[in-house]
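Novice: this one's structure only:
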């Protein structure tokens, strides 16, 4: 059962990213990415991380991609973007990607080939996660809030400028 | 039963490579930026798979931080892209080559 869910979700995820690569419409790209991130949220849930799954769907599929869509609306680009991908460049990229994939799988060979080991079930406890956030990682947590404030102010300062000023 | 962590690692690797491919193949800033988000998500998936297989909650904490930083990064990046579009009227990276001597 879990295997079926995993296969469906990973197929959706990889398929929509592939569709993003093939599609030329930016708005479609953003919507494909919403699908991809939502299915990734399902995979997070499969990994006993319900809070991460909820945050993934709310923040990524919700907030960030809506931000992207707003940006695309602002650009108001008419028609599809022309494709002028050079053959050599494409071949180079695919070769590079293949090498990178081989490297990643090689690096994780032990993890992939080794026995899965006894996974303890305690990893996905949201209460424990909250405890961690507000004890061991309190400093990092507070810095994160500062970072978001800085991003807010920075975005206003950058994009809020009037034309020509 | 839940698939072994190895399956999730392979998926994360494939997703990361697809993100890299999208970054290099695509020519407009916005889609390249989306490709960066795909790569970040592949990293998140690997973190969660490790957290699950090691039975530790720290992996989830890191994922939360990554998502927060990614949100901040998306805000700033999009603001910069909007600025570029206002000045140049394009988001095609081929036309932004002032640094090419």
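Specialist: That came through fine. Source: prediction; values computed, not measured. Residues are numbered from 1 along each chain as shown, chains lettered A, B, ... in the order given.
Novice: Give me the next element, helix or strand, following the least confident helix or strand in chain A by mean pLDDT.
Specialist: One helix or strand of chain A scores below all others by mean pLDDT, DSSP states H and E: helix A:109-113, with a mean of 69. Using DSSP states H and E, the next helix or strand after helix A:109-113 towards the C-terminus is helix A:126-133.
Novice: Whether that next one contacts chain B - can you check?
Specialist: Yes: counting by Cβ under 8 Å from any Cβ of the partner chain, chain B has neighbours in helix A:126-133: A:128, A:129, A:132, A:133. For the C-beta atoms, the positions are set from N, CA and C on the backbone; glycine is no exception.
Novice: from the middle of its chain, how far away would that helix be?
Specialist: Averaged C-alpha coordinates place helix A:126-133 at 23 Å from its chain's average position (Cα atoms, centre = their mean, to the nearest Å).
Novice: who does the helix or strand following it touch, helix- and strand-wise?
Specialist: Once the chain leaves helix A:126-133, the next helix or strand it forms, by DSSP H and E, is helix A:138-159. The contact analysis (3 or more Cβ pairs under 8 Å, 6 or more residues apart in numbering or on different chains; DSSP states H and E) places helix A:138-159 against helix B:58-88.
Novice: does any bit of stretch B:4-14 sit next to chain A?
Specialist: Yes: applying Cβ under 8 Å from any Cβ, one finds stretch B:4-14 in contact with chain A at B:4, B:5, B:6, B:7, B:8, B:9, B:10, B:11, B:13, B:14.
Novice: Of the residues you listed, select the buried ones using a PyMOL command.
Specialist: To isolate the buried ones among the residues of stretch B:4-14 next to chain A in PyMOL, judged by 16 or more other Cβ atoms under 10 Å in any protein chain shown, type:
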select buried, chain B and resi 4+5+6+7+8+9+10+11+13+14
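Novice: would you turn the residues of stretch B:4-14 next to chain A into CSV with pLDDT, secondary structure and distance to residue B:64?
Specialist: Compiled in CSV, the residues of stretch B:4-14 next to chain A are given as follows (pLDDT from 0 to 100; DSSP: H, G, I helix; E, B strand; the rest coil; distance: Cβ to Cβ, whole Å):
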residue, pLDDT, secondary structure, distance to residue B:64
B:4, 85, coil, 24
B:5, 84, helix, 20
B:6, 86, helix, 24
B:7, 88, helix, 23
B:8, 90, helix, 18
B:9, 90, helix, 20
B:10, 90, helix, 24
B:11, 92, helix, 21
B:13, 93, helix, 22
B:14, 93, helix, 24
